[in-house]
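Asks: Dropping the sequence and predicted coords here.
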Amino acid sequence: EGPGFPSQPPPPQEVLLGLVTALEDAKDIHSDDHDTVMGQLWSWKRPQLAYVLTLGVVDPYRRKGLAKKLIGELISHLEGKCPDVKA
């Protein structure tokens, strides 16, 4: 404890419980991935794909639906901000 410092740190306002990161840049997607995921349905046009790069939830919060919620939020974000992403 000293001048200008509290005796105890304040409680955290936010805690990171989970994280998801994704890539949606078409130039980084291998052509085989388009064939595997999209099939020949989109052969005339090459829609973008999104890759989930990281998905994690801290141990005490696993198996409570948080990862599912994170993926749902990612899908909502992609639908709104990246309409060319189709899978």
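Replies: Perfect, thanks for sending it. Predicted, not measured: the structure shown is a model, and the values here were computed from it. Residues are numbered from 1 along each chain as shown.

Asks: Give the other helices and strands that the helix or strand harbouring I75 contacts.
Replies: In this assignment (DSSP states H and E), I75 forms part of helix 66-81. Where contact means 3 or more CB pairs under 8 Å, 6 or more residues apart in numbering; DSSP states H and E, helix 66-81 is packed against strand 18-23, strand 51-57. All C-beta atoms are positioned from the backbone trio N, CA, C, and that covers glycine.

Asks: And the contacts of the shortest one?
Replies: In other words, strand 18-23. Contacts to strand 18-23, defined as CB atoms under 8 Å, 6 or more residues apart in numbering, come from residues 50-58, 61, 66-67, 70-71, 73-74, 78.

Asks: before we move on, what about the last one?
Replies: Applying CB under 8 Å, 6+ apart, the external contacts of strand 51-57 come out as 17-24, 29, 66-67, 70-71, 74.

Asks: for the residues you listed, which one is nearest D84?
Replies: The closest of the contacts of strand 51-57 to D84 turns out to be E24 (CB to CB; 8.5 Å).

Asks: can you pull the contacts of that closest one?
Replies: Q48, L49, A50, Y51, L78, C82, V85.

Asks: Please indicate which of those are buried?
Replies: Q48, L49, A50, L78, V85 (16 or more other CB atoms under 10 Å).

Asks: which among the contacts of strand 18-23 end up buried?
Replies: For the contacts of strand 18-23, buried by 16+ other CB under 10 Å: A50, V57, A67, L70, L74, L78.

Asks: Lovely, talk soon.
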